[in-house]
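Trainee: this one's sequence-less:
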C-alpha cells in the first residue's frame with residue numbers, strides 16, 4: 001500500500017508585518033522549512049503557452065486538461081471533481097529576495113521570471129499542498145509569490161486555500177494563464193505519493209489590472225478521470241458504510 005503524508009499539524013503566528021508557519025508537524029525527508037533555492041521547480045521535459053490547441057495537450061487526460069486551462073478557482077474546481085471539501089496544508093511561508101529567487105528558476109522558465117519581476121522585492125513565498133478533507137489525499141502542490149502587503153491584506157487566514165480566502169473577501173480578480181509545464185521533481189513525487197512526470201502551470205492573479213500574486217501549481221496524475229471516479233466512489237462509500245475497500249482507497 002502506498003504511503004501518503006498525513007495533513008500536517010501547524011500553528012500560524014504573526015511576526016512583525018508578516019506571518020510565518022511552524023511546520024514541525026510536516027512529514028520529514030526534505031519537508032522542513034524551505035531555503036531560497038528549495039521550492040521544487042520541475043526538471044522540464046516540455047513547456048509552452050497555455051494554449052488549448054497545443055498538440056502536446058491532445059493526449060492529456062481531459063480532467064487534467066480542464067484543470068490546466070481552467071480560469072476558475074482551483075480549490076472550487078477540485079471540490080467539484082472530488083465531491084470533497086478542499087483543505088490547504090501550509091508547508092512554509094517566508095520572505096525571499098527577488099534576485100535570489102530568479103536565480104533558482106530553470107532557464108526555460110523565462111515567462112515566470114518576467115512575471116515575478118513585476119512583483120518587486122522582497123517577496124513573500126508561500127508553499128502548500130491541497131487535499132480533500134475526507135480523503136486527505138494529496139491532490140496538488142503549489143507555490144505562490146506575493147507582495148508582503150498584499151499577502152496580509154488578501155490572505156487573512158493562511159491555513160485556507162487562496163481561492164477560499166478571496167471568495168470570503170469577495171475580491172474581484174482576473175486570472176491570466178501564462179505557461180504550462182511537464183516534468184519531474186522527486187520531492188513532488190514523494191509528496192503526491194506517485195511517480196511523475198507531472199503537469200503544472202503558472203498564472204497571474206490580477207486585481208484592478210495589477211498583479212496580486214503569481215501562482216505555480218503541480219497536479220497529481222491521480223486527478224485524471226479514472227482516479228477521480230475511484231476517489232469519489234471511495235469517499236461516498238466511506239461516508240456511508242466505511243468499507244475496507246473505501247478506507248484503503250483513500251489512504
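Mentor: Now that the structure is in, tell me what you want to look at. All values derive from a computational prediction rather than experimental measurement. Residues are numbered from 1 along each chain as shown.

Trainee: Show me the helices in the stretch 151-251 of the chain, by range?
Mentor: Assigned by DSSP state H, counting those that start in this stretch, the helices in the stretch 151-251 of the chain fall at 162-169, 186-192, 225-240, 244-250.

Trainee: Look up how far residue 140 lies from residue 178.
Mentor: Taking CB to CB, to the nearest Å as the measure, residue 178 falls 17 Å from residue 140. The way it works is simple: take the backbone N, C-alpha and C, and place the C-beta from them, glycine included.

Trainee: of those two, who's got more company?
Mentor: residue 140 (25 against 18; other CB atoms under 10 Å).

Trainee: Contact partners for that one?
Mentor: Neighbouring residues of residue 140 by CB atoms under 8 Å, 6 or more residues apart in numbering: 74, 78, 129, 130, 217, 218, 219, 220, 223.

Trainee: three-state assignment of it?
Mentor: strand (DSSP: H, G, I helix; E, B strand; the rest coil).

Trainee: need the contact list for the closest residue in space to it that isn't next to it in sequence.
Mentor: Once flanking residues are discounted, residue 140 sits nearest to residue 130: 4.5 Å by CB to CB, 6 or more residues apart in numbering. The neighbourhood of residue 130, defined by CB under 8 Å, 6+ apart, consists of 74, 75, 78, 86, 87, 88, 89, 138, 139, 140, 142, 161.

Trainee: Switch the residues you listed over to a markdown table; also include pLDDT and distance to residue 104.
Mentor: Formatted as a markdown table, those follow (pLDDT from 0 to 100; distance: CB to CB, whole Å):
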| residue | pLDDT | distance to residue 104 |
| --- | --- | --- |
| 74 | 88 | 23 |
| 75 | 85 | 26 |
| 78 | 91 | 27 |
| 86 | 89 | 28 |
| 87 | 89 | 28 |
| 88 | 88 | 23 |
| 89 | 92 | 22 |
| 138 | 93 | 23 |
| 139 | 95 | 25 |
| 140 | 94 | 21 |
| 142 | 95 | 16 |
| 161 | 68 | 24 |
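
Trainee: What's the mean pLDDT across the one helix or strand residue 64 maps to?
Mentor: Residue 64 is part of helix 62-69 when elements are defined by DSSP states H and E. Averaged over helix 62-69, pLDDT sits at 93.

Trainee: For the very next helix or strand once past that helix, which residues meet the burial criterion?
Mentor: Next helix or strand after helix 62-69 toward the C-terminus (DSSP H and E): helix 74-82. When burial is assessed from 16 or more other CB atoms under 10 Å, helix 74-82 yields the following buried residues: 74, 75, 77, 78, 79, 81, 82.

Trainee: Stretch 90-101 too?
Mentor: 90, 91, 92, 93, 94, 96, 98, 101.

Trainee: Do me a favour and get the end-to-end distance for it?
Mentor: One end of stretch 90-101 to the other measures 20 Å (CA to CA, to the nearest Å).
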